[in-house]
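Undergrad: sequence? don't have it. structure:
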């Protein structure tokens, strides 16, 4: 069946990334690059790469550098910043980096933006958390003006100055590359997306708070776009949620015992962000069960993955792409297998890619007696004709 919006659902991954600090970081980064190569071969549409500067687990500090390397190893998959934390950077520098990437990737880059997620990042840079969402909007306003290139851009704020700013390269993508704004629970993300013609990245789509406000996010996004004289397209709405699948639920639960303890410790004791449900249990199997029972994560088989996406479609009325939150809960081989199962078993359910072969087989099966009889008669006739020569 097609997706709820009547066109094939896109699939991708959102790579923060999450790597236990005890692991070799060089190998962890190489594994992330290898993963994107694998997703490109499997036919995934998108991969998004995050920006973080502290807390030891999310170790990519410059998604643009990572994307440049990934682009050289891939052919088709689109690559997005997931996300650039706009309050951390001067908007002219951000715009120039993304335009350069747009050229270097021949239009495969996507520009994901946000206010910054880790309080420890903001603390080190002396940024008041109360100002981050305002700064994100101020920065994106300047960046979109620079990308339009109508005239030199001058802006003065309490944190950046832009004097007759202009880009010396125009975007490779006309009129510009895609922009998507991160959203968790606050209305700031969808409001900014609507105001500046961006898509929406609902990072907490499966969390208890995030799932409940998906409808509100859509409404805020639409209202802001209407006020700015623009429109929204549900195809530009991406929902993010954790997912690890195996051939059986039992195997999936075994797989995630590899990396789930470090992930739970990170969110429970280090960054203390409201990502998943909280439990006082110290049993990793209980953690996995709580994540599944709450609806936050899929740890199961392909049918469980399909059910989660159908649940999100019912809640939203339709969206354009589902992105797995890449957590490295399982080891390398099981993780690669999970993505392969998704491409093989889940994609066709929402893209209609198996409909043609299935219909062709059903027709051949139903007409088998006629087709087989005709073929058999043709062989017999040829044998008889040969004997008459």
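TA: Arrived safely. As the structure is a computational prediction, the values presented were derived from the model and not from experiment.
Undergrad: List the contacts of residue 166.
TA: Residue 166 makes contacts with 146, 149, 152-153, as judged by C-beta atoms under 8 Å, 6 or more residues apart in numbering. In short, each C-beta sits where N, CA and C put it, glycine included.
Undergrad: The spatially closest residue to residue 89 that is not a sequence neighbour in helix, strand or coil?
TA: Using C-beta to C-beta, 6 or more residues apart in numbering and skipping the chain neighbours, the partner closest in space to residue 89 is residue 139 (7.5 Å). What DSSP: H, G, I helix; E, B strand; the rest coil gives for residue 139 is helix.
Undergrad: shouldn't residue 139 be in contact with residue 84?
TA: No. Under the criterion of C-beta atoms under 8 Å, residue 139 is not in contact with residue 84, lying 9.2 Å apart.
Undergrad: Find residues that contact each of these two.
TA: Shared contacts of residue 139 and residue 84, defined by C-beta under 8 Å, 6+ apart, comprise 94, 113.
Undergrad: So for these two, which sits in the more crowded spot?
TA: Per other C-beta atoms under 10 Å, whichever of residue 139 and residue 84 has more neighbours is residue 139, with 28 against 25.
Undergrad: Quick check: that one vs residue 227, distance?
TA: To residue 227, residue 139 is 20 Å away according to C-beta to C-beta, to the nearest Å.
Undergrad: What of residue 291?
TA: Counting by C-beta to C-beta, the gap between residue 291 and residue 227 amounts to 38 Å.
Undergrad: And the two? Which one has more around it.
TA: residue 291 (23 against 11).
Undergrad: quick one: the strands in the stretch 151-300 of the chain?
TA: Shown for the stretch 151-300 of the chain, the strands assigned by DSSP state E, counting those that start in this stretch span residues 153-156, 161-165, 179-183, 199-202, 237-245, 298-300.
Undergrad: do you know which of those strands lies nearest residue 319?
TA: Residue 319 lies closest to strand 237-245 among these, at 4.2 Å (C-beta to C-beta).
Undergrad: Parallel or antiparallel, list what pairs with that closest one.
TA: Here strand 237-245 is paired, per DSSP bridges, with strand 199-202 (parallel), strand 298-300 (parallel), strand 321-326 (parallel).
Undergrad: Show me which residues of the following helix or strand past the second one are buried.
TA: Counting by DSSP states H and E, the next helix or strand C-terminal to strand 298-300 is helix 302-316. For helix 302-316, the neighbour count (16 or more other C-beta atoms under 10 Å) marks 302, 304-306, 308-309, 312-313, 316 as buried.
Undergrad: what's the answer for stretch 126-139, then?
TA: By 16+ other C-beta under 10 Å, the buried positions in stretch 126-139 come out as 127, 132-133, 135-139.
Undergrad: circling back to that earlier point, out of the strands paired with strand 237-245, which one sits most buried?
TA: Greatest average neighbour count among those goes to strand 199-202 (a mean of 27), per mean count of other C-beta atoms under 10 Å.
Undergrad: For that strand, the averaged confidence score.
TA: For strand 199-202, mean pLDDT rounds to 98.
Undergrad: could we number from 4 for the rest of this?
TA: That works, and once the first residue is 4, the last one we named lands at strand 202-205.
Undergrad: List the contacts of it.
TA: 51, 85-86, 115, 117, 181-187, 192-193, 196, 213, 217, 220-221, 224, 236, 239-243, 323.
Undergrad: buried subset of those?
TA: The neighbour-count test (16+ other C-beta under 10 Å) applied to the contacts of strand 202-205 identifies 51, 85-86, 115, 117, 181-187, 192-193, 196, 213, 217, 220-221, 224, 239-243, 323 as buried.
Undergrad: how distant is stretch 224-239 from the center of its chain?
TA: Its chain's C-alpha centre and that of stretch 224-239 lie 20 Å apart, by C-alpha atoms, centre = their mean, to the nearest Å.
Undergrad: Kindly reformat the strands paired with strand 240-248 as TSV containing distance to residue 360.
TA: TSV is the format used below for these (distance: least, C-beta to C-beta, whole Å):
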stretch	distance to residue 360
strand 202-205	32
strand 301-303	26
strand 324-329	23
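Undergrad: do you know which of the ones you listed lies nearest residue 253?
TA: If you check each of the strands paired with strand 240-248 against residue 253 by C-beta to C-beta, strand 301-303 wins as the nearest, at 9.4 Å.
Undergrad: what's the spacing between that closest one and its chain's center?
TA: Strand 301-303 sits 18 Å away from the centroid of its parent chain (C-alpha atoms, centre = their mean).
Undergrad: Please name the residues that touch the most centrally placed residue in the chain.
TA: In the chain, the residue lying closest to the centroid (C-alpha atoms, centre = their mean) is residue 326, at 3.5 Å. The neighbours of residue 326, taking C-beta under 8 Å, 6+ apart as the test, are 14-17, 49, 51, 241-244.
Undergrad: how far away is it from residue 65?
TA: Applying C-beta to C-beta, one obtains 20 Å for the distance of residue 326 from residue 65.
Undergrad: quick one on the thing from earlier: in TSV: the buried residues of helix 305-319, plus pLDDT.
TA: As requested, these are exported to TSV (pLDDT from 0 to 100):
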residue	pLDDT
305	98
307	98
308	98
309	98
311	98
312	98
315	98
316	98
319	97
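Undergrad: now, the most widely separated pair of the contacts of residue 326?
TA: Spanning the widest gap among the contacts of residue 326 are 49 and 244, at 14.6 Å by C-beta to C-beta.
Undergrad: between the two, who's got more neighbours?
TA: More crowded of residue 49 and residue 244, by other C-beta under 10 Å: residue 244, with 26 against 20.
Undergrad: Just confirm residue 184 contacts residue 200, I think it does.
TA: No. With contacts counted by C-beta under 8 Å, residue 184 stays clear of residue 200, the gap being 10.2 Å.
Undergrad: residues contacting residue 41?
TA: Contacts for residue 41 (C-beta under 8 Å, 6+ apart) come out as 339, 342.
Undergrad: List the buried residues of the helix or strand that contains residue 71.
TA: Following DSSP H and E, one finds residue 71 within helix 66-76. Neighbour counts over helix 66-76 (16+ other C-beta under 10 Å) mark 66-67, 69-71, 73-74 as buried.
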